[in-house]
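Asks: The amino acid sequence is not available; the structure is as follows:
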């Protein structure tokens, strides 16, 4: 039976030493020039006591993907249905995970024990449907490729905690982010409520990369009505959309009903292109135009997405997010449906 309700969300158990984890390129593979850092991250998994299995297409890349749709599906299905595999860790995102969705047996997945699926960017193309259709809680987190990055270890602590304890730890807003994606040029973080003030949001958490999830709006793979009657928090982050395309993406999701009944909408920092001239539409103006009159609080520039550092968020968890001038705090736990339904 395909998951029809938030009551059916199931959480993967904590990882134990000796567990098998599969590193599987569902979208982009890792070309040879980048494999030294991949190997350093895989070694961290081994040092933690995990048994690492590599997918057949992991170290390949051609035409923006690690392999054909059939090859990537074969890799993914191998690990999805192997009971010894407890986690599936794509090395990173990419561009072409979406064609895999139609080839997965969602009813069969909904009947299986959940596994960890972790990452962000195009990984969310698979993670969000797994949560909504199969009832698996999935992790929007730093990608495996960055596990060994020396300047991202503070972020990785939340990822390790999630694997070891089953849920992310409490997280505060970071004080700085990497302007232009470069740790050598930090800038002051400014997570805030649109229009100012403070807000406390509660609800079931779901989200990922706007670039790809906006293409799923109105399809069975992004059907938030499955959580009807539950408070919902949706988070989105813009990777590459220029302001006009960003406005179209948000407007399309709104027209498809993706924002109906939300308790809050949370937008991460944007890594998309800026307006080239002062008289062109800018990022924040595009957001505010698309979401004008949205009947729920809107949080901007949260620690989510392609501009480090980022939070670790569990799709399907019950989240409490407090945001005010100069601060933000995120708590996540297993859903308490009696309380959620009040």
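Replies: Perfect, thanks for sending it. This one's a predicted model, so the numbers in the text were calculated from it and none came from an experiment. Numbering: from 1, shown residues only.
Asks: what is the rounded mean pLDDT of stretch 182-190?
Replies: Averaging pLDDT along stretch 182-190 gives 91.
Asks: Show me what counts as buried in it.
Replies: For stretch 182-190, the neighbour count (16 or more other CB atoms under 10 Å) marks residue 189 as buried. Yep, even glycine has a C-beta here, placed from its N, CA and C like the rest.
Asks: and whichever strand or helix holds residue 38, what other elements does it pack with?
Replies: For residue 38, the element it lies in under DSSP states H and E is helix 35-47. If you count contacts as 3 or more CB pairs under 8 Å, 6 or more residues apart in numbering; DSSP states H and E, helix 35-47 packs onto strand 51-54.
Asks: buried set for the next helix or strand after the strand it packs on?
Replies: Beyond strand 51-54 on the C-terminal side, the first helix or strand identified by DSSP H and E is helix 69-80. Neighbour counts over helix 69-80 (16+ other CB under 10 Å) mark 71, 72, 73, 75, 76, 77, 79, 80 as buried.
Asks: Please parse this protein into its domains.
Replies: Domain assignment for the chain by automatic domain parsing gives 6-166, 172-340.
Asks: outside of stretch 274-281, which residues touch it?
Replies: For stretch 274-281, contacts defined as CB atoms under 8 Å, 6 or more residues apart in numbering pick out 243, 244, 247, 282, 283, 289.
Asks: How about residue 142, nearest residue that isn't a chain neighbour?
Replies: Spatially, and ignoring its direct neighbours in sequence, residue 142 is nearest to residue 155 (5.1 Å; CB to CB, 6 or more residues apart in numbering).
Asks: How much space separates the one you found from residue 212?
Replies: 22 Å (CB to CB, to the nearest Å).
Asks: Over to residue 62?
Replies: In this view, residue 62 and residue 212 are 20 Å apart by CB to CB.
Asks: Please apply the same query to residue 309.
Replies: Here residue 309 is placed at a distance of 22 Å from residue 212 (CB to CB).
Asks: Compare those two (neighbour count), which wins?
Replies: Shown here are residue 309 and residue 212; by other CB atoms under 10 Å, residue 212 has more neighbours (25 against 21).
Asks: in terms of contact, does the more buried one touch residue 122 like I think?
Replies: Yes - assessed by CB atoms under 8 Å, residue 212 is found in contact with residue 122 at 6.0 Å.
Asks: hey, what's in contact with both of the two?
Replies: residue 97.
Asks: burial of residue 54, as a residue count?
Replies: Neighbours of residue 54 (other CB under 10 Å): 15.
Asks: What are the boundaries of the strands in the stretch 201-342 of the chain?
Replies: 232-237, 264-268, 298-302, 313-315, 318-324, 327-333 (DSSP state E, counting those that start in this stretch).
Asks: Tell me which strands the last one pairs with, and in which orientation.
Replies: When you say that, I think you mean strand 327-333. Applying DSSP bridges, strand 327-333 is found paired with strand 171-172 (antiparallel), strand 318-324 (antiparallel).
Asks: Tell me which of those sits most buried.
Replies: Most buried of these, by mean neighbour count (mean count of other CB atoms under 10 Å): strand 318-324, with a mean of 21.
Asks: thinking in terms of the whole chain, how far from its middle is that one?
Replies: Chain-centre distance of strand 318-324: 17 Å, with CA atoms, centre = their mean, to the nearest Å.
Asks: and what of stretch 177-189?
Replies: 21 Å.
Asks: got a list of what residue 262 touches?
Replies: By CB under 8 Å, 6+ apart, the contact set of residue 262 is 203, 232, 233, 234, 294, 296.
Asks: if we take those residues, which one ends up nearest to residue 269?
Replies: If you rank the contacts of residue 262 by distance to residue 269 using CB to CB, residue 234 comes first, at 16.4 Å.
Asks: can I get the strands of the stretch 201-342 of the chain in JSON lines with distance to residue 217 and mean pLDDT?
Replies: Formatted as JSON lines, these follow (distance: least, CB to CB, whole Å; pLDDT from 0 to 100):
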{"stretch": "strand 232-237", "distance to residue 217": "11", "mean pLDDT": "98"}
{"stretch": "strand 264-268", "distance to residue 217": "14", "mean pLDDT": "98"}
{"stretch": "strand 298-302", "distance to residue 217": "18", "mean pLDDT": "98"}
{"stretch": "strand 313-315", "distance to residue 217": "16", "mean pLDDT": "98"}
{"stretch": "strand 318-324", "distance to residue 217": "21", "mean pLDDT": "98"}
{"stretch": "strand 327-333", "distance to residue 217": "25", "mean pLDDT": "97"}
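Asks: can you put those strands in JSON lines and add distance to residue 220?
Replies: As requested, the strands of the stretch 201-342 of the chain are arranged in JSON lines below (distance: least, CB to CB, whole Å):
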{"stretch": "strand 232-237", "distance to residue 220": "17"}
{"stretch": "strand 264-268", "distance to residue 220": "22"}
{"stretch": "strand 298-302", "distance to residue 220": "27"}
{"stretch": "strand 313-315", "distance to residue 220": "16"}
{"stretch": "strand 318-324", "distance to residue 220": "24"}
{"stretch": "strand 327-333", "distance to residue 220": "26"}
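Asks: of the ones you listed, which approaches residue 131 most closely?
Replies: Nearest of the strands of the stretch 201-342 of the chain (CB to CB): strand 313-315, 4.2 Å.
Asks: No further questions, thank you.
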